[in-house]
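Novice: Need a 3D model of the following:
(3 chains)
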Amino acid sequence: MTIGAGRLRAVEGGVWALVTVASLAAACRSQDRIVVGSKNFSESDLLGEIVAQQIERRTGLPVARRFHLGGTFVCHQAITAGQIDLYVEYTGTAYTAVLKHAPGADRDSVSRVVASDYAQRFGLVWGKPFGFNNTFAITVRRRDATRYGLTRISDLARLAPRWKAGFGYEFLERADGFRGLASAYGLRFAAPPLAMDLGLTYRALAEGKVDVIAGNSTDGQIQALDLVVLEDDRHYFPPYEAAPVIRRATLERHSGIGAALDQLAGRISDAEMRRLNALADVEHRDIATVARDWLHVNLP
Amino acid sequence: MDLVRFYARNSQEVVGLLGQHTYLVAISTVIAVLVGVPLGIMLTRRPAWRGPVLGLANVFQTIPSLALFGFLIPLPFIGGIGATTAIVALVVYALLPIVRNTYVGIASVDPAVREAGRGMGMTDWQLLTQVELPLGLGVILAGVRVATVVSVGTATIAAAIGAGGLGVYIFRGVAVVDDTLILAGALPAALMALAADALFGLAERRFAWGGGK
Amino acid sequence: MTLPLEVQGLGFQLPGRGTGDEGSARFLAQDVSFTVGAGETLVLLGRSGSGKTTTLKLINRLLEPTAGEVRIAGERARDVPPTRLRRRIGYVIQEVGLFPHFTVARNVGLVPRLEGWEPARVELRVRELLAMVGLDPDSHAPRHPHQLSGGQRQRVGVARALAADPPLLLLDEPFGALDPITRVELQREFQALQRRLGQAMVFVTHDVREGLLLATRIGLMQHGRIAFLGTPQEFRESEHPEVQAFMSAADPGPPARG
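Specialist: Model prediction:
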């Protein structure tokens, strides 16, 4: 039995109509809706939520959230591919891990290079920093710091052969991560570091499974678990200033976003970020609520 | 090829992770057999236990592996970061196939054989060791085979909680979007699963009393 | 002189369920009494569900009696651990139940080996028994059950039951699953075996002709009770309605004319 020519043409027409409608719908959606992403830890989620709510309040645009993506590189891929419009990145991370420059430059040149390289290579625009520096915190237990007189990372060198380190997967792989740190400070551990989900490293340190970890300097758990951050005396780590990164196309299409993001510039100090992180990580408060409360107080 | 070069450059680490992975799978499978086979035998002797025990093992199986790891971490003794937690979780997952297959293997022995054995004066232990277990061995080994193959896969997730193994490469690769790294972990894991499947398949054919049909 | 088997008032009651109504408990066997002497064969005859298999299983305690007493060679069955009791009783069932993963020799020698006989003695006994049931030891001993025919398997089953030379043999419709020709063949050979051996036997069947052929005495069971107990000759002449029903089934009479 053959399908009549007339019927076939009708089916064809129907398919084309469907395709047209679908692409129009998709195009409309992507033009109007802003997608905000975040990496896979609470601070990133918090800042993402603050940015998202700020855009919603000031511009009235609908914002979709795609939080807790798999880390720096996944977010970078997502934004360059257009799957997200915006996420919060750290200047130092962009400098060494994404752009693959050697670590060791000062704050201003890092910011400058990052802004121009991102604009040139990826069509991405850096917003103004929030005002805090979240650097890698090489962290140990307080009783060990007291016992062995540890205040600086270089103090670790003599203990490393007897100690066990534990890191998250990103720190292990990044150029500005473990390998660079170990060579800059001459750290030689007896065994390769224990690898696990970043969030679990604090627990591992507190439980004694490992003796040193690379946390984040604004983490809420540092105080809660009575841990000590060692000073980066050789200035190995670049500055890591958090700022929003947004696709130029998105910025140009909705000018209101730029103004909305500028309002956040310089509003969050190190201490403030640590406080917000503690609310999320230690007291397990809902992130959307924490963000809303903060905006209510600081940008009424 | 990139992968070959990676293995050549990191041979020591690869061997180490392979060893860790094998350790996780081997230890958990052995424990699961030591617990599961007697439990399966018990089910053939105590019908009342069947529902609850098989039901419980079934429930364990439905818990997503990462979630189970997460639940176990805060517990004392069997929890915490590291291999212990991973092994506990792997044992839990291996139990259902082993218990169920042990039960089925023994229960499917021809009732006439069992009646004849009892009628002639065999003790329960003699019946179990000389008749039921040898006849059910094929099905039991099939259960161990399934459990082992599943363990190889689940053990890759154990890297998230610091238990080591081939999952370390996979997680590292995912974190930095590096396909070579991901493959470096996934490929040996897949091969290990295939090898376990083949090995146990061989054992089934050798030791199982499949003949007579 | 103690009899090999004495059964007195034997009964088996299923746990009652529910309330009221007569027969709130079911009796599969009730008030069963008989004796079997050395060399005698008691055939338990009856319809399906009449209690004959139940009675058999009460003797070797595969079922525990809820009433009555069993004495084997003067000893109360209740006082002997079931496993030890069963080693002294040969047991043959309709499905035979040979162990598929054992050779014929290992199957036959099961009980002697469990009893700790020396391997040489076991092997000798196995050969002796196989010959006795009409199977050439050299060709059959190393085979596995799945390589034998139905009739051959049951011969092995009988040999296995006789292996430890028990004073009592229990057989539950042993030839029921065989084709008619093989059945007759085995019945004849069994009859010859009966004369040679001095065992007491309890033989369950629903086949009247088989019963009349092999019995020293027949016990007809109905609804769990013994309805008739007597010699085959007495059976033929009895006027008990159940006996007559069985007799007419055995001998359908001349074909109708017309």
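
Novice: Please, which helix or strand holds A:Leu47?
Specialist: Secondary structure from DSSP states H and E places A:Leu47 in helix A:42-59.

Novice: Kindly export that helix (C-alpha atoms) in CSV.
Specialist: Below are the C-alpha coordinates for helix A:42-59, written out as CSV (Å, rounded to 0.1, in the frame of the first residue of the first chain):
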residue,chain,number,x,y,z
SER,A,42,28.7,26.5,48.2
GLU,A,43,30.4,29.9,47.8
SER,A,44,30.0,29.6,44.0
ASP,A,45,26.4,28.7,44.5
LEU,A,46,25.8,31.6,46.9
LEU,A,47,27.4,34.2,44.6
GLY,A,48,25.5,32.7,41.6
GLU,A,49,22.3,33.1,43.5
ILE,A,50,23.0,36.6,44.6
VAL,A,51,23.8,37.6,41.0
ALA,A,52,20.7,35.8,39.7
GLN,A,53,18.4,37.5,42.2
GLN,A,54,20.0,40.9,41.5
ILE,A,55,19.4,40.6,37.8
GLU,A,56,15.8,39.5,38.4
ARG,A,57,15.1,42.5,40.8
ARG,A,58,16.8,45.2,38.7
THR,A,59,16.0,44.1,35.2
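
Novice: nearest residue to A:Arg162 other than its sequence neighbours?
Specialist: A:Ala190 (6.9 Å; Cβ to Cβ, 6 or more residues apart in numbering or on different chains). For the C-beta atoms, the positions are set from N, CA and C on the backbone; glycine is no exception.

Novice: before we move on, back to that, right, is the helix holding A:Leu47 up against chain B?
Specialist: No - applying Cβ under 8 Å from any Cβ of the partner chain, one finds helix A:42-59 out of contact with chain B, separated by at least 13.9 Å.

Novice: name the helices or strands packed onto that helix?
Specialist: Taking 3 or more Cβ pairs under 8 Å, 6 or more residues apart in numbering or on different chains; DSSP states H and E as contact, the helices and strands that helix A:42-59 lies on are strand A:34-37, strand A:63-66, strand A:86-90, strand A:242-247, helix A:255-262, helix A:270-281, helix A:287-298.

Novice: Highest mean neighbour count out of these?
Specialist: Of those, the one with the most neighbours on average (mean count of other Cβ atoms under 10 Å in any protein chain shown) is strand A:86-90, at a mean of 26.

Novice: From the contact counts, what lies against that one?
Specialist: Against strand A:86-90 (3+ Cβ pairs under 8 Å, 6+ apart) you get strand A:34-37, helix A:42-59, helix A:72-80, strand A:242-247.

Novice: contacts for the shortest one?
Specialist: By Cβ atoms under 8 Å, 6 or more residues apart in numbering or on different chains, the list of residues contacting strand A:34-37 from outside reads A:48, A:51-52, A:55, A:61-67, A:69, A:75, A:78-79, A:83-87, A:250, A:254, A:257.

Novice: about what we covered before: how about the helices and strands packed on strand A:86-90, which one is nearest C:Val202?
Specialist: helix A:72-80 (80.1 Å; Cβ to Cβ).

Novice: Flag every buried residue along the closest one.
Specialist: Judged by neighbour count (16 or more other Cβ atoms under 10 Å in any protein chain shown), helix A:72-80 contains these buried residues: A:72-76, A:78-80.

Novice: Now the helix holding A:Leu47: average pLDDT?
Specialist: When pLDDT is averaged over helix A:42-59, the result is 94.

Novice: tell me the phi and psi of the nearest residue to A:Asp176 once chain neighbours are set aside?
Specialist: Spatial nearest neighbour of A:Asp176, chain neighbours left out: A:Thr96 (3.6 Å); criterion: Cβ to Cβ, 6+ apart. Note on A:Thr96: its backbone torsions stand at phi -90, psi -40 [degrees, to the nearest 10].

Novice: same question, C:Leu229
Specialist: According to degrees, to the nearest 10, C:Leu229 has phi -140, psi 110.

Novice: The residue lying closest to it once chain neighbours are set aside: what's it in contact with?
Specialist: Spatial nearest neighbour of C:Leu229, excluding adjacent residues (Cβ to Cβ, 6+ apart): C:Gly219 at 4.9 Å. Listed by Cβ under 8 Å, 6+ apart, the contact set of C:Gly219 reads C:34, C:42-45, C:226, C:228-229.

Novice: mind running it again at 6 Å?
Specialist: By Cβ atoms under 6 Å, 6 or more residues apart in numbering or on different chains, the contact list for C:Gly219 reads C:34, C:42, C:44, C:226, C:229.

Novice: number of nearby residues for the residue in chain A that chain B sits nearest to?
Specialist: Closest approach between chain A and chain B, counting by Cβ to the nearest Cβ: A:Met196, at 3.4 Å. Neighbour count for A:Met196, taken as other Cβ atoms under 10 Å in any protein chain shown: 28.

Novice: So it sits against B:Gly162, correct?
Specialist: Yes - between A:Met196 and B:Gly162 there is a contact at 3.4 Å, judged by Cβ atoms under 6 Å.

Novice: now the helices and strands packed on helix A:42-59 as TSV including mean pLDDT?
Specialist: Shown next, in TSV, are the helices and strands packed on helix A:42-59 (pLDDT from 0 to 100):
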stretch	mean pLDDT
strand A:34-37	94
strand A:63-66	92
strand A:86-90	95
strand A:242-247	95
helix A:255-262	91
helix A:270-281	89
helix A:287-298	93
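
Novice: you'd agree C:Phe190 is in a helix?
Specialist: Yes - assessed by DSSP: H, G, I helix; E, B strand; the rest coil, C:Phe190 belongs to a helix.

Novice: Against C:Val133, how distant is it?
Specialist: From C:Phe190 across to C:Val133, the span is 9 Å (Cβ to Cβ, to the nearest Å).

Novice: where in chain A is pLDDT low?
Specialist: A:1-6, A:13, A:17, A:19-31 (pLDDT under 70).

Novice: Would you mind listing what in it touches chain B?
Specialist: Contact residues (Cβ under 6 Å from any Cβ of the partner chain) of chain A with chain B: A:70-71, A:73, A:77, A:169-170, A:173, A:194-197, A:200, A:204, A:207, A:209.
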